[in-house]
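J.: Sequence plus the predicted model coming up.
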Amino acid sequence: MPNPAPLPRLAYFPVAFFSIVMGLAGLSIAWHKAAQVLAIGLPIAAILLGIATLAFLVLASLYLTKLIRYREAVLKELAHPIQLNFFPTIAMSLLLLGIATLEHWPGLALGLWVIGATSQLLLTLYVLNVWIHHERFEVHHVNPAWFIPVVGNVLVPIAGARLGFIETSWFFLSIGLLFWVLLFAIVLQRFIFHPSLPDRLMPTFFILIAPPAVGFIAYLQLSGGLDALARILYYAGLFLTLLLTVQAGRFLRLEFFLSWWAYSFPLAAMTTATFIMYQLTQNLAFAILGWGLLSLVSLVVVYLLYRTACAVREGQICVPAH
């Protein structure tokens with residue numbers, strides 16, 4: 001029997017593409033905080049926000065077209081033990097765009113927040129339901145990408161508190177922090193007692209930074225001050241950043257995959273958290289560290305854009321098993 005004709009590349013368009021929007025929007029927020037704290041007049045944050053918005057519109061159009069033309073391919077992603085966890089990146093992209101637009105366009109930010117938070121809750125319920133009632137997951141499927149649905153909940157209070165949704169923000173923060181602690185133990189057990197992650201998933205190690213870094217920013221919006229829990233969250237994120245930095249050689253040897261974008265958003269979140277620490281403590285060490293992280297994540301995002309463009313041009317993305 002002849003092999004079936006291969007599907008067009010659009011059928012393999014991965015939902016993980018939305019991690020690009022997260023990286024760009026996260027970097028925009030980091031530059032905005034740097035400009036606010038250090039009185040920088042450069043319009044870099046606005047330019048990045050424009051690029052992130054354009055990227056979201058293009059990616060959303062392509063993924064919607066995939067849903068209409070290749071519904072089975074989308075359902076296959078939803079049932080996949082790893083790809084499933086990237087669906088909340090759509091809601092998280094909306095939440096991040098809402099945070100980035102909050103200061104200048106509060107009406108737009110409110111709309112993005114409502115859609116993003118509602119989508120995030122529905123996707124969290126769906127993913128947890130799949131985790132609980134699965135019949136095919138094995139321990140080697142566990143990886144840091146499983147944190148993605150959790151981090152999305154922690155993002156909600158950042159704009160939600162400023163928009164006046166205090167109790168709703170506490171609701172989402174509680175979900176995020178609870179499952180961050182639970183999942184961290186599960187993921188650490190997988191790292192220590194089971195075979196290493198495949199190369200394509202190695203960049204997802206950086207996702208470990210995101211829950212405490214974003215949690216620190218979100219918690220401050222609700223608590224109003226730098227207390228003990230805020231410091232624990234910040235320093236947990238800082239330690240994980242240091243832990244991964246000393247392993248840079250391992251990551252630099254990896255072949256390029258779309259999963260490299262996992263480097264961007266967590267580093268951007270840690271950068272923003274560090275500038276906030278400087279704002280609250282006026283300790284110069286945080287300003288220096290913030291500049292170092294901002295320089296690093298800016299170079300990383302530029303390089304990722306270049307490598308992604310090369311991979312698209314050479315037909316290495318939107319193919320089976322990429």
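T.: Done, it's in.
J.: average model confidence for the longest helix seen in the chain?
T.: Identified as the longest helix of the chain according to DSSP state H is helix 284-313. Per-residue pLDDT values over helix 284-313 give a mean of 95.
J.: Which positions in that helix come out as buried?
T.: Neighbour counts over helix 284-313 (16 or more other Cβ atoms under 10 Å) mark 286-287, 289-291, 293-294, 296-298, 300-301, 304-305, 307-308, 311 as buried. (Glycine included, C-beta is placed from N, CA and C.)
J.: Could you do stretch 128-145 as well?
T.: Going by neighbour count (16+ other Cβ under 10 Å), the buried part of stretch 128-145 is 141-145.
J.: Over to stretch 54-62?
T.: Residues of stretch 54-62 classed as buried: 55-56, 59-60 (neighbour count, 16+ other Cβ under 10 Å).
J.: With stretch 168-180 instead?
T.: 168-173, 175-177, 179-180.
J.: Of those, which belong to strands?
T.: For the buried residues of stretch 168-180, membership in strands holds for none, with DSSP state E as the criterion.
J.: What is the nearest of these to V130?
T.: F179 (14.1 Å; Cβ to Cβ).
J.: which ones are touching L293?
T.: Taking Cβ atoms under 8 Å, 6 or more residues apart in numbering as the definition of contact, the neighbours of L293 are 30, 241, 267, 270-271, 274.
J.: still on that earlier bit, mind listing which of the buried residues of stretch 54-62 are in helices?
T.: Of those, the ones assigned to helices by DSSP H are 55-56, 59-60.
J.: Would you mind putting the residues you listed into CSV with distance to L125 and pLDDT alongside?
T.: As requested, those are arranged in CSV below (distance: Cβ to Cβ, whole Å; pLDDT from 0 to 100):
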residue, distance to L125, pLDDT
A55, 27, 96
F56, 23, 97
L59, 24, 96
A60, 22, 96
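J.: Using TSV, lay out those together with distance to A16.
T.: Shown next, in TSV, are these (distance: Cβ to Cβ, whole Å):
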residue	distance to A16
A55	13
F56	14
L59	10
A60	14
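J.: Relative to L252, which of those residues is nearest.
T.: Sorting those by distance to L252 puts A55 at the head of the list, at 25.5 Å, by Cβ to Cβ.
J.: thinking that closest one is in contact with L24, fair?
T.: Yes: here A55 lies in contact with L24, judged by Cβ atoms under 8 Å, at a distance of 6.0 Å.
J.: The closest residue in space to L155 that isn't next to it in sequence: neighbouring residues, count only.
T.: Once flanking residues are discounted, L155 sits nearest to L95: 4.6 Å by Cβ to Cβ, 6 or more residues apart in numbering. Counted with other Cβ atoms under 10 Å, the burial measure for L95 works out to 29 neighbours.
J.: quick one, what contacts L95?
T.: When contacts are counted by Cβ under 8 Å, 6+ apart, L95 is found next to 112-113, 116-117, 120, 152, 155-156, 158-159.
J.: Now the helix or strand containing S119: buried residues?
T.: Secondary structure here is read from DSSP states H and E; on that basis S119 sits in helix 106-132. Using 16+ other Cβ under 10 Å as the burial criterion, the residues of helix 106-132 that qualify are 109-110, 112-113, 116-117, 119-121, 123-124, 127.
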